[in-house]
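Undergrad: Need a 3D model of the sequence below.
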Amino acid sequence: MYNSTLFSVIKLSFKLNRMLLNYIQNPSDIKKLDIDELNALAEEIKLFLIESIEKTGGHLSSNLGTIELTLSLIHI
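TA: Below you'll find the model as predicted:
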């Protein structure tokens with residue numbers, strides 16, 4: 001499904017950096033982000049989903065496909 005070594009490296013790099021997801025309380029917080037921060041937030045959400053689905057089981061594709069779309073619609 002995905003490369004677990006790559007996933008571990010990405011996961012560690014996010015833990016070492018500021019986690020944007022921890023600072024998002026409402027849609028207006030997303031509107032304040034620049035493009036690089038939006039991309040970082042999308043990656044954090046993807047990692048959260050992958051970690052959650054690893055534990056509980058389920059499908060990734062529909063969830064992963066809507067992250068950027070949703071963030072874009074909120075940011076406009």
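
Undergrad: which residues does the spatially most central residue of the chain contact?
TA: The centroid of the chain falls nearest to Ile45 when counting by Cα atoms, centre = their mean (1.9 Å). By Cβ atoms under 8 Å, 6 or more residues apart in numbering, the residues touching Ile45 are Leu21, Ile67. Backbone N, C-alpha and C define where each C-beta goes, glycine included.

Undergrad: before we move on, what about Ala42?
TA: Applying Cβ under 8 Å, 6+ apart to Ala42 gives the contacts Ile67, Glu68, Leu71.

Undergrad: buried ones in the one helix or strand it maps to?
TA: Per DSSP states H and E, Ala42 falls inside helix 35-56. Buried residues in helix 35-56, counted by 16 or more other Cβ atoms under 10 Å: Leu38, Ala40, Leu41, Ala42, Glu43, Glu44, Ile45, Lys46, Leu47, Ile50.

Undergrad: what's the answer for stretch 65-76, then?
TA: Buried-residue list, stretch 65-76, by 16+ other Cβ under 10 Å: Ile67, Leu71, Ile74.

Undergrad: Looking at those, which is nearest Asp29?
TA: Distances from Asp29 to those, taken as Cβ to Cβ, are shortest for Ile74 (9.5 Å).

Undergrad: Low-confidence regions, this protein specifically.
TA: 1-18 (pLDDT under 70).

Undergrad: returning to what we had before: now, which of the contacts of Ala42 sits nearest Lys55?
TA: Using Cβ to Cβ, Ile67 comes nearest to Lys55 of the contacts of Ala42, at 18.9 Å.

Undergrad: right, and the closest one touches Lys46 too?
TA: Yes - in this structure Ile67 lies within contact range of Lys46 using Cβ atoms under 8 Å: 6.2 Å.

Undergrad: export the contacts of Ala42 to CSV and tack on secondary structure and distance to Leu20?
TA: Compiled in CSV, these are given as follows (DSSP: H, G, I helix; E, B strand; the rest coil; distance: Cβ to Cβ, whole Å):
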residue, secondary structure, distance to Leu20
Ile67, helix, 13
Glu68, helix, 14
Leu71, helix, 11
